[in-house]
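Engineer: I'd like to go over a predicted model; first the sequence, then the structure.
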Amino acid sequence: MMTNPTGRLTQGQFSFLPDLTDAEITLQIEYGLKKGYAWSVEYTDDPHPRNTYWSMFGNPMFDLHDAAGVMQELKACRAAFPQHYIRMMAFDSTRNVETIVMSFIVNRPAQEPGFMLERQEVNGRSLRYTTRGYAANQPEGERYKS
Amino acid sequence: MSDTDSGSSQITDAKKRYSAGVLKYKQMGYWMPDYVPKDTDTLCLFRITPQDGVDPEEAAAAVAGESSTATWTVVWTDRLTACDSYRAKAYKVIPVPNNPGQYFAYVAYDLILFEEGSIANMTASLIGNVFSFKPLKAARLEDIRIPVAYVKTFKGPPTGLVVERERLDKFGRPLLGATTKPKLGLSGRNYGRVVYEGLKGGLDFMKDDENINSQPFMHWRDRFLFVMDAVNKASAETGEVKGSYLNVTGATMEDMYERAEFAKDLGSVIVMVDLVIGYTAIQSMANWCRKNDMIMHMHRAGHGTYTRQKNHGVSFRVIAKWLRLAGCDHLHCGTAVGKLEGDPMTVQGYYNVCRDSYTKMDLPRGLYFDQDWADLKKVMPVASGGIHAGQMHQLIDLFGDDVVLQFGGGTIGHPMGIQAGAVANRVALESMVKARNEGRNILEEGPTILKQAAQTCTPLKAALDTWGEISFNYQSTDSSDYTSTPTAA
């Protein structure tokens, strides 16, 4: 169990709020679509803060302009990976932006074991730090039990 | 002088022009009302207050002269040069609306005048001797247009706001920070405690204050060691990338490089410098940051001495343009609603300068020129100073997502502790972004949205109870002077 005030992984735009309902997720998707963003669904069982590349549940949906369609993809991803972290990501292709502009978690494992901090004493008083997920010792796909 | 025509226009007869003696600046060729600025010219708008009896056009010509080639008397050695190129040209003078005795003077500078990639060289001309010039009571550089040809000689921000977000893995909301308080006196160990509590509670960044360097109560190495333990511990406990701006400002470049290297060795994602180190040092530190994958935070310490008064100095929008070229990733740009100076529209103008790809002329925001940034990286503006969770709707409405909101007192002074202070700010932030995206009018509904969020968040309720009514409503000293239809040429 993580000990920060939320008791869970705090990545993304809305981790400090109660879990978004499907209706609330739909409103966020609609906001992004109105801005011309492309939505993508990504999942992982290794949410290390420096693990940039979660698995893509298909490519970003550049040609999908309907929130219901995006929600279909999310539902399919949840069905396939019910105990994984799943995040919604929106991409903006505007010149000089060309990056992710929204990102929020929409699915979590029942237990969030979090990370340990390993300290290695080196020169003088300096330390080398390594962050390691408690679940990361298990093979992929077997890290979170329902 | 009673010279009829020669007093008001350039003397074109070379023999007359270069006979020894004193001429008016207008006669020397610094006033060219029909000059059409070139795309490669640097354009400056000065607000000048001529001494009583000094003709405004002559004063404008003097500004052009003293900020380029002129000296007080005629020199024959001008004739060895292509002096027409080197003379800056005052090409427009208009009275400042509602400010009798003040004039806006537009001056154009040829591309050849300034060394490529050097803010020091550009500023030595533009704000060099001219600001002490006796015929003017006061002068202010209001705005500047830097031509694309010159912009492309600068490397700009070492990281830029797009890459900063990609490195931090934080998107779609303002970043949250706080300055460690009290500013002075905490030991390294006590200091790290404040950093740890703030970051674990939900902030993205903590920050050294501008005057924290390496004083007797806390040597810089001690601070860096304790702070980085706090940063890494908070990062592991939240699963988020966290940072603390380690202020590497020191007496010499050697000191700063040494401090920056240590910050890098300890794994910090960000270092910080103060504006008072000067433009050359800033450009050197930007090079170092670029080479070492480091975000560079800039605290604008000292700027108020020359940016705040409308009639004399340099507007902060000009400083922001220079700093974007020189290269910093974060820049304090004001809060509009907090404890420090800043008219909201004027402050928004500074934010545009930091974040635009192309800045449009916008007189109410004090932007007098179009500025093409030629794809130069963008600076993340920082709002810091006397702001609290109860103002979240106003802050997001004014500044959007690409900003660091820093609540120092508003985090550390929270009645339930520092972590609770951080939670209150983060919950207020996330609720407001969510509500805005859902299409709600946050400026009107903001207080209601915060109250609703506080129903399931005791720390936010306590923050609103403590600071909900605090505001700093004073008259701004620096706002834009304009008429809705700007006077044509």
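Structural biologist: Looks like it came in fine.

Engineer: any regions of the chain where pLDDT drops low?
Structural biologist: Using chain A. A:146 (pLDDT under 70).

Engineer: ah, I was thinking of chain B
Structural biologist: If you take pLDDT under 70 as the line, chain B has these spans: B:1-7, B:341, B:469-474, B:484-489.

Engineer: setting aside sequence neighbours, what's the nearest residue to the spatially most central residue of it?
Structural biologist: The C-alpha lying nearest the average C-alpha coordinate of chain B belongs to B:A320 (C-alpha atoms, centre = their mean; 3.2 Å). Excluding the flanking residues, the one nearest B:A320 by C-beta to C-beta, 6 or more residues apart in numbering or on different chains is B:V353, at 4.5 Å. Bear in mind the C-beta positions are built from the backbone N, C-alpha and C, glycine included.

Engineer: what's the separation between that neighbour and A:L9?
Structural biologist: To A:L9, B:V353 is 36 Å away according to C-beta to C-beta, to the nearest Å.

Engineer: could you list the buried residues of the helix or strand containing the residue nearest to the centre of chain B?
Structural biologist: Taking DSSP states H and E as the definition, one finds B:A320 inside helix B:316-326. Buried residues in helix B:316-326, counted by 16 or more other C-beta atoms under 10 Å in any protein chain shown: B:F316, B:R317, B:V318, B:I319, B:A320, B:K321, B:W322, B:L323, B:R324, B:L325, B:A326.

Engineer: parallel or antiparallel, list what pairs with the first helix or strand past that helix going along the chain.
Structural biologist: As assigned by DSSP H and E, the chain's next helix or strand after helix B:316-326 is strand B:330-332. Taking DSSP bridges as the criterion, strand B:330-332 pairs within the sheet with strand B:295-299 (parallel), strand B:380-384 (parallel).

Engineer: adding distance to B:V75, write the ones you listed out as CSV.
Structural biologist: Listed next are these as CSV, based on distance: least, C-beta to C-beta, whole Å:
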stretch, distance to B:V75
strand B:295-299, 40
strand B:380-384, 45
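
Engineer: got TSV for those strands, with mean neighbour count too?
Structural biologist: Below are the strands paired with strand B:330-332 laid out as TSV (neighbours: other C-beta atoms under 10 Å in any protein chain shown):
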stretch	mean neighbour count
strand B:295-299	27
strand B:380-384	26
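
Engineer: so how far is B:E58 from the closest residue to B:T456 other than its chain neighbours?
Structural biologist: Of all residues not flanking B:T456 in the chain, A:P18 sits nearest, at 6.6 Å (C-beta to C-beta, 6+ apart). Per C-beta to C-beta, A:P18 is found 68 Å from B:E58.

Engineer: look at those two and report which has more neighbours.
Structural biologist: B:E58 (22 against 10; other C-beta atoms under 10 Å in any protein chain shown).

Engineer: tell me the SS of that one?
Structural biologist: Taking DSSP: H, G, I helix; E, B strand; the rest coil as the rule, one finds B:E58 in the helix state.

Engineer: go ahead and confirm it touches B:L23.
Structural biologist: No - B:E58 is not in contact with B:L23 according to C-beta atoms under 8 Å; the separation is 10.8 Å.

Engineer: any idea which helix or strand carries B:A462?
Structural biologist: helix B:458-467.

Engineer: so which bits of that helix are buried?
Structural biologist: B:P459, B:L460, B:K461, B:A462, B:A463, B:L464, B:T466, B:W467.

Engineer: which residues sit in contact with the spatially closest residue to the last one that is not a sequence neighbour?
Structural biologist: Leaving aside its sequence neighbours, B:W467 sits nearest to B:H388 (C-beta to C-beta, 6+ apart; 4.2 Å). When contacts are counted by C-beta atoms under 8 Å, 6 or more residues apart in numbering or on different chains, B:H388 touches B:F407, B:G409, B:G410, B:A463, B:W467, B:I470.

Engineer: the first one - nearest residue in space that isn't next to it in sequence?
Structural biologist: Looking back up the chat, that one is B:F407. That would be B:N425: by C-beta to C-beta, 6+ apart, it lies 5.1 Å from B:F407.

Engineer: quick one, phi/psi of the one you found?
Structural biologist: phi -70, psi -40 (degrees, to the nearest 10).

Engineer: helices of chain A, residue ranges please.
Structural biologist: Counting by DSSP state H, chain A has helices at residues A:22-34, A:67-80.

Engineer: now the last one against helix A:22-34, angle please.
Structural biologist: What that stands for is helix A:67-80. Relative orientation of helix A:67-80 versus helix A:22-34 (axes from the mean of the first three to the mean of the last three C-alpha atoms, to 10 degrees): 130 degrees.

Engineer: can you list contacts of helix A:67-80?
Structural biologist: Under C-beta under 8 Å, 6+ apart, the answer for helix A:67-80 is A:22, A:25-26, A:29-30, A:33, A:39, A:41, A:43, A:57-58, A:61, A:64, A:86, A:88, A:106-107.

Engineer: quick revisit: the helix holding B:A320 relative to strand B:380-384, how many degrees between them?
Structural biologist: 140 degrees.

Engineer: can you spell out which helices and strands pack onto helix B:316-326?
Structural biologist: helix B:119-126, strand B:136-145, helix B:279-291, strand B:330-332, helix B:344-355 (3 or more C-beta pairs under 8 Å, 6 or more residues apart in numbering or on different chains; DSSP states H and E).

Engineer: check the gap between A:P18 and B:S431 for me.
Structural biologist: From A:P18 to B:S431 the distance is 10 Å (C-beta to C-beta).

Engineer: what of B:M294?
Structural biologist: Taking C-beta to C-beta, one finds B:M294 at 33 Å from B:S431.

Engineer: got the residues of the stretch 301-450 of chain B near chain A?
Structural biologist: Counting by C-beta under 8 Å from any C-beta of the partner chain, the stretch 301-450 of chain B comes close to chain A at B:357, B:375, B:378, B:401, B:419-420, B:422-423, B:426-427, B:430-431, B:433-434, B:437-439.

Engineer: winner for burial among the helices and strands packed on helix B:316-326?
Structural biologist: strand B:330-332 (a mean of 27; mean count of other C-beta atoms under 10 Å in any protein chain shown).

Engineer: next one: that one to chain centre, how far?
Structural biologist: 7 Å (C-alpha atoms, centre = their mean, to the nearest Å).

Engineer: circling back to that earlier point, wait, the residue nearest to B:A320 touches B:L323, no?
Structural biologist: No - if you go by C-beta under 8 Å, B:V353 and B:L323 don't touch, sitting 9.3 Å apart.

Engineer: follow-up on the earlier one: where's the residue nearest to B:F407 relative to B:G409, distance?
Structural biologist: Distance from B:N425 to B:G409, by C-beta to C-beta: 11 Å.

Engineer: try B:R193
Structural biologist: 17 Å.

Engineer: so what's the residue count around A:G58?
Structural biologist: A count of neighbours around A:G58, defined by other C-beta under 10 Å, yields 11.

Engineer: sorry, that was for A:E142
Structural biologist: 10.

Engineer: isn't B:D481 right up against B:P100?
Structural biologist: No - judged on C-beta under 8 Å, B:D481 makes no contact with B:P100 at a distance of 11.7 Å.
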